[in-house]
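Engineer: okay, here's the prediction I keep looking at, along with the sequence it came from:
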Amino acid sequence: MRDMLRIQNAFSSLHLLCSAVGGVHSTFMRMFYAVRTGRKPGVYNTWDECKEQVDKFPLARYKKFASEEDAWNFVRNQESSSKSSSVDTGETKEPPTQATGLHNVVPQQRAKRPLYKAQSSSTEEAAPKRTKLIDLTELPSSHNGAFKYMGDSVVVYTDGCCSQNGRLKARAGIGVYWGLNHPLNLAEKLEGRQTNQRAEIQAACRALELAKSQNITKLVLYTDSMFTINGMTQWVPKWKENGWKTVDGRDVINKQDFQKLDKACENMDIRWNYVPGHSGSVGNDRADQLAKAGSRK
């Protein structure tokens, strides 16, 4: 009888151990939520973020993947390395996992717009902290010269470049890309101090100036400059409160450039979106080409 009880206790302990291990595995499994058709196509870290883009959106298409690569392949309408069931909206439900079909996923760090963390440094070459950023595929235009839209906002890509950045012979340029053969596409040499960060800021300034010239008030601006994005979404409000001084009382680097950009943002509804440079984004690549062409002028 005692032997039978010991066997039962052993099986119970083994069952609890297996359940705990399985729970840890399923809880910390990283999932990626891909939105091909929705309010804002891209790859998201949590179902709640994905749902915001697809809930009640006509003919939305989205999936959940265990692989980030497969998630991006789905967004870009490419074949994934493994199969996953497609989900269309009627009633918006969390899509099944590509690998397991599990629905119980612990949310990763939420990536709210803007998808960037604030930094205390304001130096010219400040490196942003690592955070999950969403790269979006370029939206198609109806014909050459047409604006691209995301909802009711016009889409534009900006970029700045500087060869021999930080040296005496530095040459900087700015690029603004609206679409294929668009008449507002811009390639200009940067005036003044030749640095990469100034070129990035001034490229955004030119995009806003061009938008206003066309009576555009809502803009989705893509840039690969986290410095510019952090400046406009995190630092500028604090600098203005401090009389354009950093938290340690120093003068803000690129103060005049940020003041110009801040002024250009007045009466504009702007969504700042990060796109990794040289990541295959057509819009970013074209803006980069324009910036390089501008630097050679």
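Structural biologist: That came in fine, so what should we check first?
Engineer: could you say what helices and strands the helix or strand encompassing Leu261 packs with?
Structural biologist: Using DSSP states H and E, Leu261 sits within helix 255-264. Under the contact criterion of 3 or more CB pairs under 8 Å, 6 or more residues apart in numbering; DSSP states H and E, helix 255-264 touches helix 196-213, helix 236-241. All C-beta atoms are positioned from the backbone trio N, CA, C, and that covers glycine.
Engineer: tell me, how many residues neighbour Val36?
Structural biologist: Actually, residue 36 is Arg. It isn't Val. For Arg36, the neighbour count with other CB atoms under 10 Å is 18.
Engineer: angle of the longest strand seen in the chain against helix 196-213?
Structural biologist: Counting by DSSP state E, the longest strand found in the chain is strand 153-163. Interaxial angle of strand 153-163 relative to helix 196-213 (axes from the mean of the first three to the mean of the last three CA atoms, to 10 degrees): 150 degrees.
Engineer: return the alpha-carbon coordinates of strand 153-163 using PDB.
Structural biologist: Only the C-alpha atoms of strand 153-163 are listed here, as PDB (Å, rounded to 0.1, in the frame of the first residue of the first chain):
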ATOM      1  CA  SER A 153      -2.500  61.400 -44.600                       C
ATOM      2  CA  VAL A 154       0.000  61.800 -47.400                       C
ATOM      3  CA  VAL A 155       3.100  59.600 -47.200                       C
ATOM      4  CA  VAL A 156       6.600  61.000 -47.800                       C
ATOM      5  CA  TYR A 157      10.100  59.700 -47.300                       C
ATOM      6  CA  THR A 158      13.100  61.900 -46.300                       C
ATOM      7  CA  ASP A 159      16.800  61.200 -45.900                       C
ATOM      8  CA  GLY A 160      20.000  63.100 -45.400                       C
ATOM      9  CA  CYS A 161      23.500  62.000 -46.100                       C
ATOM     10  CA  CYS A 162      27.000  63.300 -45.600                       C
ATOM     11  CA  SER A 163      30.200  61.900 -47.100                       C
END
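Engineer: which parts of it are buried?
Structural biologist: Within strand 153-163, the residues that count as buried by 16 or more other CB atoms under 10 Å are 153-162.
Engineer: mean neighbour count, mean pLDDT and distance to Val43 for the helices and strands packed on helix 255-264 - can I get that in a markdown table?
Structural biologist: Listed next are the helices and strands packed on helix 255-264 as a markdown table, based on neighbours: other CB atoms under 10 Å; pLDDT from 0 to 100; distance: least, CB to CB, whole Å:
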| stretch | mean neighbour count | mean pLDDT | distance to Val43 |
| --- | --- | --- | --- |
| helix 196-213 | 23 | 97 | 24 |
| helix 236-241 | 15 | 94 | 28 |
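Engineer: dump the ones you listed into a markdown table; add distance to Val282 as well.
Structural biologist: Below are the helices and strands packed on helix 255-264 laid out as a markdown table (distance: least, CB to CB, whole Å):
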| stretch | distance to Val282 |
| --- | --- |
| helix 196-213 | 17 |
| helix 236-241 | 30 |
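Engineer: picking that back up, and the longest strand of the chain, what's its mean pLDDT?
Structural biologist: For strand 153-163, mean pLDDT is 96.
Engineer: okay, domains of the protein per the record?
Structural biologist: 32-88, 148-295 (automatic domain parsing).
Engineer: by mean pLDDT, show me the worst of these.
Structural biologist: domain 32-88 (a mean of 75).
Engineer: sheet partners, orientation included, of the longest strand of the chain?
Structural biologist: Applying DSSP bridges to the sheet, strand 153-163 is found paired with strand 148-150 (antiparallel), strand 171-177 (antiparallel), strand 218-223 (parallel).
Engineer: hey, which of those strands is tucked in deepest?
Structural biologist: strand 171-177 (a mean of 27; mean count of other CB atoms under 10 Å).
Engineer: just checking, what packs against the helix or strand following it?
Structural biologist: Per DSSP H and E, the first helix or strand lying C-terminal to strand 171-177 is strand 186-189. If you count contacts as 3+ CB pairs under 8 Å, 6+ apart, strand 186-189 packs onto strand 171-177, helix 196-213, helix 282-295.
Engineer: repeat that with 6 Å
Structural biologist: Applying 3 or more CB pairs under 6 Å, 6 or more residues apart in numbering; DSSP states H and E, one finds that strand 186-189 contacts strand 171-177, helix 282-295.
Engineer: tell me which residues in the longest one are buried?
Structural biologist: Neighbour-count burial for helix 282-295, with 16+ other CB under 10 Å as criterion, is recorded at 283-295.
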